[in-house]
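Chemist: heads up, no residue letters with this:
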């Protein structure tokens, strides 16, 4: 992690209790080293116990990561980075006012069982489905993971609800025909969201 990256991250890091006069002992490991360790684990796809000796012990790193996750620190960091990217890309507003939603079915491993696994008859995929909402730059807003057999319009109730709750300035959502029907009326009446269904043209080939 560069010094510049660390300056961005440290502004959202919670201060330890001993620095805020709440007692306790100083923590034994530097937060920057902890964050570097988590980034290494994610980028390399290693197991926790395979953490290189250059980093703090894996148990300490795991405990920090769990605490950050419980405090939603990683969500806050992600949202602030997204705001900065939007401004760097020339957007006037760091907060989006429009979103795009879609889904993708993914084959599940043998360990994916029970309610987490379903069969998508249209894609012939047995596994899970990820439903995402992004802004017009493709930057992530919301992720929802379900079994693959859940229809887009049914998952859309929860996905759009999360968009409204987390991205309060979004007023327009583009979606494909999988979200057409009652969901459009429901979003307008319950969430004050306009869902515009964009249908694929029959005379267009490839990705548009």
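Modeler: Great, that's in hand. This one's a predicted model, so the numbers in the text were calculated from it and none came from an experiment.

Chemist: Just the residues contacting stretch 46-54, thanks.
Modeler: Identification of contacts with stretch 46-54 by CB atoms under 8 Å, 6 or more residues apart in numbering yields 37, 40, 41, 57, 58, 61, 62. Every C-beta, even on glycine, is put in place using the N, C-alpha and C of the backbone.

Chemist: Which one (most neighbours) among the residues you listed?
Modeler: residue 37 (24 neighbours; other CB atoms under 10 Å).

Chemist: Can you pull the phi and psi angles for the closest residue to that residue other than its chain neighbours?
Modeler: Once flanking residues are discounted, residue 37 sits nearest to residue 55: 4.0 Å by CB to CB, 6 or more residues apart in numbering. Dihedral pair for residue 55: phi -100, psi 170, per degrees, to the nearest 10.

Chemist: Contact partners for residue 55?
Modeler: Listed by CB under 8 Å, 6+ apart, the contact partners of residue 55 are 33, 36, 37, 40, 61.

Chemist: thinking again about what came up before, would TSV of the contacts of stretch 46-54 with secondary structure and distance to residue 119 be doable?
Modeler: What follows is the contacts of stretch 46-54, written out as TSV (DSSP: H, G, I helix; E, B strand; the rest coil; distance: CB to CB, whole Å):
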residue	secondary structure	distance to residue 119
37	helix	38
40	helix	36
41	helix	32
57	coil	42
58	helix	37
61	helix	38
62	helix	34
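
Chemist: so can I have JSON lines of those showing pLDDT and distance to residue 180?
Modeler: What follows is these, written out as JSON lines (pLDDT from 0 to 100; distance: CB to CB, whole Å):
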{"residue": "37", "pLDDT": "94", "distance to residue 180": "46"}
{"residue": "40", "pLDDT": "94", "distance to residue 180": "44"}
{"residue": "41", "pLDDT": "94", "distance to residue 180": "41"}
{"residue": "57", "pLDDT": "94", "distance to residue 180": "52"}
{"residue": "58", "pLDDT": "95", "distance to residue 180": "48"}
{"residue": "61", "pLDDT": "93", "distance to residue 180": "46"}
{"residue": "62", "pLDDT": "94", "distance to residue 180": "44"}
